[in-house]
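1. Only the shape, not the letters, is given here:
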């Protein structure tokens with residue numbers, strides 16, 4: 001268990017946690033003692049991730065629930081399931097996100113809306129359902145995973161930049177409305193991390209030169 005803080009008996013949901021940053025965040029929470037619920041839209045991959053993680057922790061410490069984070073009704077049903085079968089949800093990490101790289105002049109509206117829905121609207125939908133459970137208890141933590149693109153911008157990722165900038169202000173809006181009820185809401189903006197989603201950038205010599213130049 002982590003010596004920094006103790007999350008024993010706390011239930012945490014991490015969206016988009018079958019791989020990448022979400023998987024690492026879920027493991028860090030479990031290392032601190034939390035009971036973790038993994039989430040993803042691909043049920044088969046999610047179950048594989050649950051089994052792999054569960055092997056490293058005591059029985060009952062790792063669960064999973066597959067649902068589309070852009071579907072508010074599915075989010076509500078899934079959080080209700082967590083409350084009934086795992087325990088009171090006290091920590092939500094809104095991590096789920098996607099990327100679509102194309103110049104804005106070539107960007108299809110459907111792709112714009114898909115990124116905005118997954119990277120921004122989902123945090124509102126899942127966050128609101130979590131808050132419905134947390135507020136009556138007078139406690140709860142919501143962490144929104146933003147990005148270095150929250151405050152910066154680079155070519156070909158306009159919807160991602162817009163979504164992450166919006167997520168920063170959504171974090172502020174959540175705080176303004178829910179802090180008085182005992183909820184703590186924060187945003188974390190990581191830089192470039194080597195994951196499956198950023199593999200194309202890792203392989204892009206021009207992008208690496210751009211990064212090194214800064």
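-> Right, received. Where do you want to start? Predicted, not measured: the structure shown is a model, and the values here were computed from it.

2. hey, which helix or strand in the protein has the poorest pLDDT?
-> Of all the helices and strands that make up the chain, helix 199-202 has the lowest average by mean pLDDT, DSSP states H and E, namely a mean of 49.

3. Look up phi and psi at residue 185.
-> Note on residue 185: backbone dihedrals following degrees, to the nearest 10 are phi -120, psi 130.

4. Quick check: beta-bridge partners of it?
-> residue 142 (DSSP bridges).

5. Any figure for the gap between it and residue 34?
-> Distance of residue 185 to residue 34, computed by CB to CB, to the nearest Å: 18 Å. Backbone N, C-alpha and C define where each C-beta goes, glycine included.

6. Then residue 174?
-> For residue 174, the distance to residue 34 - CB to CB - is 21 Å.

7. Just want the most central residue of this protein.
-> residue 95 (1.1 Å; CA atoms, centre = their mean).

8. Looks like it contacts residue 23 (just checking).
-> No. The criterion here is CB atoms under 8 Å, and residue 95 misses it with residue 23 at 9.4 Å.

9. So for those two, which residues contact both of them?
-> Counting by CB atoms under 8 Å, 6 or more residues apart in numbering, the common neighbours of residue 95 and residue 23 are residue 17.

10. for residue 87, what are its contacts?
-> 9, 11, 35 are the contacts of residue 87 under CB under 8 Å, 6+ apart.

11. which stretch of helix or strand covers it?
-> For residue 87, there is no helix or strand it lies in under DSSP states H and E.

12. what's the distance between the residue nearest to residue 182 when sequence neighbours are not counted and residue 54?
-> Computed as CB to CB, 6 or more residues apart in numbering, the closest residue to residue 182 that is not its neighbour in sequence is residue 138, at 4.0 Å. Using CB to CB, we find residue 138 at a distance of 31 Å from residue 54.

13. Show me which of these two is the more surrounded one.
-> The residue with more neighbours, out of residue 138 and residue 54, is residue 54; 18 against 9, by other CB atoms under 10 Å.
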